[in-house]
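Q: Structure for the following, please:
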Amino acid sequence: MIVEYKFHRIKGGKGRVFVPSFIIDGGYFKEGNKYVGIAANDGTYIPSTLVVMDRASLITKLTRIGYTIPENENPEGRLATAEEIETTVDDFISTRNI
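A: Have a look, this model is predicted:
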């Protein structure tokens with residue numbers, strides 16, 4: 001399942017954070033302090049507040065955050081087209097067998 005999540009703070013860790021235990025593949029499509037990842041589907045506890053995403057919501061998110069495509073001549077990249085965003089999302093989903 002595709003989810004949007006935040007890192008968890010380590011208690012007494014002086015600002016250090018860690019990837020939540022229910023994320024098995026993460027760190028994608030960063031927006032501020034939120035990331036997209038794949039949550040475990042093996043009975044691991046998953047908070048009810050977690051945002052579950054489908055293809056359409058992931059496309060909407062990437063469109064809203066101004067997803068960019070890296071280019072050699074422009075290290076910051078260029079704004080992706082709607083077709084490129086759809087392809088990116090479809091590739092993300094298919095390579096993870098979701």
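Q: in the sheet, who's paired with Glu71?
A: On the basis of DSSP bridges, Glu71 is bridged to Asn74.
Q: Test for you: state the pLDDT assigned to the closest residue to Ser21 other than its chain neighbours.
A: Using Cβ to Cβ, 6 or more residues apart in numbering and skipping the chain neighbours, the partner closest in space to Ser21 is Thr44 (6.7 Å). Placement of C-beta: from N, CA and C, glycine included. In this model, Thr44 is scored at 86, pLDDT.
Q: Kindly report the same for the one 5 residues further on.
A: In this model, Thr49 is scored at 86, pLDDT.
Q: Neighbours of it, how many?
A: Thr49 sits with 6 neighbouring residues when counted by other Cβ atoms under 10 Å.
Q: Can you read off the backbone torsions of it?
A: As for Thr49, its main-chain torsions (degrees, to the nearest 10) stand at phi -80, psi -10.
Q: Glu86: what secondary structure?
A: helix (DSSP: H, G, I helix; E, B strand; the rest coil).
Q: need the helices for the protein, in chain order.
A: 55-65, 82-95 (DSSP state H).
Q: now for these, which one comes closest to Gly15?
A: helix 55-65 (24.7 Å; Cβ to Cβ).
Q: which helices and strands sit right next to the closest one?
A: strand 23-31, helix 82-95 (3 or more Cβ pairs under 8 Å, 6 or more residues apart in numbering; DSSP states H and E).
Q: what are the pairing partners of the shortest one, and which direction each?
A: Going back to what we said before, that points to strand 23-31. Strand 23-31 is paired, per DSSP bridges, with strand 34-39 (antiparallel).
Q: Please state the offset of the strand it pairs with from the chain centre?
A: Offset of strand 34-39 from its chain centre (Cα atoms, centre = their mean, to the nearest Å): 4 Å.
Q: Repeat that for stretch 86-98.
A: 12 Å.
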